[in-house]
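Engineer: coords please:
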Amino acid sequence: MAEDSDRPGPAADTEARPDKDVEVSLDIHVPHSARMYDYYLGGITNFPADREAAGKALAVFPYARTAARANRGFMERSIRHLAERGIEQFLDIGTGIPTSPNLHEVAQQVRPRARVLYADNDPIVLIHAQALLHGSAEGLTAYAQADVNQPEKILAAARDVLDFTRPIALSMNALLHFVPARAHRITEEFKAALPSGSALAISHLTEDFAPRETQRLTQVYTASGTPTRARDRAEFARFFAGWTLLDPGIVSTPRWGPDPAGTGDPTTDPESSCYGAVAVRP
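Structural biologist: Residues are numbered from 1 along each chain as shown. Predicted coordinates:
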């Protein structure tokens, strides 16, 4: 394993900060999926437009709060598992509003030297990025203001922080259903840049469990200005093409890596209406 002096980016006892020259343009009158998600989780970083849109979503998909919690649980379990497998570098795209435990907290609890780069396109996440950057003393956290539709920009930022000769875990949770047209192509571009031993963790909305409610939910999001596309199991599986799925394969988010003691997430498949899976590059 390379020593800290061999790693890219700032020294291990420093934290990468958002670029102070980045202009924050925040339109609080337009709902944003990240702030709606924050509302589902009981957060306070949302505005009337977000709450109004979330209310419409809850009216047609009453499981939204439960699904959001199940997705967070999937993130925590999948990242902890990958850290326990030895991965010390994480690229999280579609970060969302900081909600503890954040990804870096989970990873650095297992791997104190873990390096994490967050990327998101919501300006309010940039405002809150400082809260994301308080990690372990040995590790490093950084933030890039970028959209998943800009893989080259995200990868350029990642190369300043992460070592692309060593395994990297790419996390895209509750994100790709907001990329209706090019999601598979974009994912392949990220996958191609990652070295052997890297991992991919994705959760994604599906109509397979609650078709009527999910169809109405996608209509609400699309009408609110966020084009949304649920995908079935076969479409979801394509994101992992060429990589090896880890057990238990493709399942609903609460069924991925449940607590063996039997105290895991009791959320049902229709309530989650999201697939989750983790794969590694051979």
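
Engineer: Can you list the low-confidence ranges for the stretch 1-150 of the chain?
Structural biologist: 1-26, 130-132 (pLDDT under 70).

Engineer: Quick one: the helices in it, in order.
Structural biologist: When assigned using DSSP state H, counting those that start in this stretch, the helices of the stretch 1-150 of the chain occupy the ranges 33-40, 48-60, 64-84, 103-110, 123-127, 129-132.

Engineer: Quick one: closest of those to residue 266.
Structural biologist: Proximity of the helices of the stretch 1-150 of the chain to residue 266 was assessed by Cβ to Cβ; the nearest stretch is helix 64-84, lying at 9.6 Å. Where C-beta positions appear, they are placed from N, C-alpha and C, glycine not excepted.

Engineer: what's that closest one packed up against?
Structural biologist: helix 33-40, helix 48-60, helix 103-110, strand 169-173, strand 199-205, helix 269-272, strand 274-280 (3 or more Cβ pairs under 8 Å, 6 or more residues apart in numbering; DSSP states H and E).

Engineer: Which parts of stretch 30-38 count as buried, going by neighbours?
Structural biologist: Judged by neighbour count using 16 or more other Cβ atoms under 10 Å, the buried positions of stretch 30-38 are 31-38.

Engineer: same question, stretch 161-174
Structural biologist: 161-163, 166-174.

Engineer: Quick check: mean pLDDT of the strand or helix carrying residue 213?
Structural biologist: Here residue 213 sits within helix 211-223, counting by DSSP states H and E. Taken as a whole, helix 211-223 has an average pLDDT of 97.

Engineer: what's next to it, contact-wise?
Structural biologist: 33, 53, 56-57, 60-64, 177-178, 205-207, 227-230, 270, 273 (Cβ atoms under 8 Å, 6 or more residues apart in numbering).

Engineer: Tell me the buried residues in it?
Structural biologist: Those would be 213-214, 217-218, 220-221, for helix 211-223 by 16+ other Cβ under 10 Å.

Engineer: how about these in JSON lines, adding distance to residue 129?
Structural biologist: What follows is these, written out as JSON lines (distance: Cβ to Cβ, whole Å):
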{"residue": "213", "distance to residue 129": "34"}
{"residue": "214", "distance to residue 129": "32"}
{"residue": "217", "distance to residue 129": "29"}
{"residue": "218", "distance to residue 129": "29"}
{"residue": "220", "distance to residue 129": "29"}
{"residue": "221", "distance to residue 129": "25"}
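
Engineer: wait, which of those residues is closest to residue 45?
Structural biologist: Nearest to residue 45 among those: residue 221, at 18.8 Å, using Cβ to Cβ.

Engineer: from the buried residues of stretch 30-38, which single one is nearest residue 154?
Structural biologist: Taking Cβ to Cβ as the measure, residue 154 sits nearest to residue 34 out of those, at 16.1 Å.

Engineer: didn't that closest one look like it was pressed against residue 124?
Structural biologist: Yes. With contacts counted by Cβ atoms under 8 Å, residue 34 reaches residue 124, the gap being 7.5 Å.

Engineer: hang on, the earlier thing: let's see the ChimeraX selection covering just the buried ones among the contacts of helix 211-223.
Structural biologist: Buried members of those, defined by 16+ other Cβ under 10 Å, are picked up in ChimeraX with:
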select :33,53,56,57,60,61,63,64,177,178,205,206,207,228,229,230,270,273
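
Engineer: before we move on, back to that, kindly point out which residues are neighbours of both of residue 34 and residue 124.
Structural biologist: residue 97.
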